[in-house]
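# Kindly generate the corresponding structure for this input.
(one chain, ligands or ions: 1)
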Amino acid sequence: MDIKQIIGEIVAGKQEVGGIKQVYYVACGGSYGAFYPAKTFLEKEAKDIKVGLYNSNEFVHNTPKAFGENSVLVVASHKGNTPETVKAAEIGKKAGVTVIALTWITDSPITEYADYVLKYAFGEGKDIAGEKTIKALLTAVEALNQTEGYEHYNQFLDGVAKIDHIVKSACKHVAKRALSFAKNHKDDNVIYTLASGAGYGAAYMESICIFMEMQWINSSSIHSGEFFHGPFEITDAEIPFVIQISEGSTRPLDERALKFLNRYAKRVEVLDAKDLGLSTIDSSVVDYFNHSMFNNVYPVYNQALAVEREHPLTTRRYMWKVEY
Ligand SMILES: O=P(O)(O)OC[C@H]1O[C@](O)(CO)[C@@H](O)[C@@H]1O
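Residues are numbered from 1 along each chain as shown. Presented below is the predicted three-dimensional model:
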């Protein structure tokens, strides 16, 4: 069953109890970040459906009161075995809430508690339109379109059809830049990321999953709008930043931060979605594709950085090795 059919079945099943009123996206780490566009989509586009994005353990310990028969729970776990995400799915299943699980391993523990299992594309040469982020977004888009209606539904599907080609060209485009970045940053012990809007999740993932988890470099993802409310005080010629200049409604926030950085910082890597070709997607929906762009361009940088630092991206000292 495809996502449109799954949501159709859920909508029909909930008709008697008043339909879908809330969609909760629940996951950890990279899977949590991948839900960011779906969350921002429903927050902005929906009038009646409420959306929540939760770290799994927070959801387990601080379950929202509205969670119930009118809810859909969408969980994601790459290997399907992160205990707190499996627990969140179990809570959903036991409460009689419809559970959709996004996972790469379709016979993993999380699928036991799922009404619907969605496998996504992953790895070298993957179809970007089949990734976790887009599949999660499609659950949001379909939920909206099949309830309240979504006026830009066709433009959104057109974006989905275009994203793979756009992202793959962008990855080629940054290859040389990524090598210089790796050389220039191999000895840094801190790198900040800056972003706004629906693409913010990509900056969050780059900070926590790559710089911190996989490279042991101190980092924090700073919201471009929040930059001027504290973080900009650390700006100087030595501090490195990677800034995402998004395409769409929040671009002015990113441009404002970049203007400041161009004046007071010297080590700024600019990833501009417009330069990277995202503008060929219709402006009514382009916001929601920033994440796919940035999150797939970063790996070109990450591979180069890992080689230059002689620190493979697979190296861990605690994760999956000790009790936590
Ligand atoms: O539940 P998932 O998606 O398998 O995530 C497990 C781990 O993978 C990461 O997303 C990346 O290694 C971590 O942040 C997280 O702890």
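# Dump the helix or strand residue 165 falls within to CSV, keeping only the CA atoms.
Assigned by DSSP states H and E, residue 165 belongs to helix 153-173. Presented in CSV, the C-alpha positions along helix 153-173 are these (Å, rounded to 0.1, in the frame of the first residue of the first chain):
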residue,chain,number,x,y,z
TYR,A,153,-0.8,19.3,-3.5
ASN,A,154,0.1,19.0,-7.2
GLN,A,155,3.0,21.4,-6.8
PHE,A,156,4.2,19.4,-3.9
LEU,A,157,4.1,16.1,-5.9
ASP,A,158,5.9,17.9,-8.7
GLY,A,159,8.6,18.8,-6.2
VAL,A,160,8.9,15.2,-5.1
ALA,A,161,9.4,14.2,-8.8
LYS,A,162,12.2,16.8,-9.2
ILE,A,163,14.1,16.5,-5.9
ASP,A,164,16.3,13.5,-6.8
HIS,A,165,17.8,15.1,-9.8
ILE,A,166,18.3,18.5,-8.1
VAL,A,167,20.0,17.0,-5.0
LYS,A,168,22.3,14.7,-7.0
SER,A,169,23.5,17.7,-9.2
ALA,A,170,24.0,19.7,-6.0
CYS,A,171,26.2,17.0,-4.5
LYS,A,172,28.4,17.1,-7.6
HIS,A,173,28.5,20.9,-7.4
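# what packs against that helix?
In this structure, helix 153-173 makes packing contacts with helix 132-145, helix 290-309, judged by 3 or more CB pairs under 8 Å, 6 or more residues apart in numbering; DSSP states H and E. Where C-beta positions appear, they are placed from N, C-alpha and C, glycine not excepted.
# can you redo those as CSV with mean pLDDT?
Below are the helices and strands packed on helix 153-173 laid out as CSV (pLDDT from 0 to 100):
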stretch, mean pLDDT
helix 132-145, 98
helix 290-309, 98
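# Out of the ones you listed, which one sits most buried?
Mean neighbour counts were taken over the helices and strands packed on helix 153-173 using mean count of other CB atoms under 10 Å, and the top value, a mean of 25, falls to helix 132-145.
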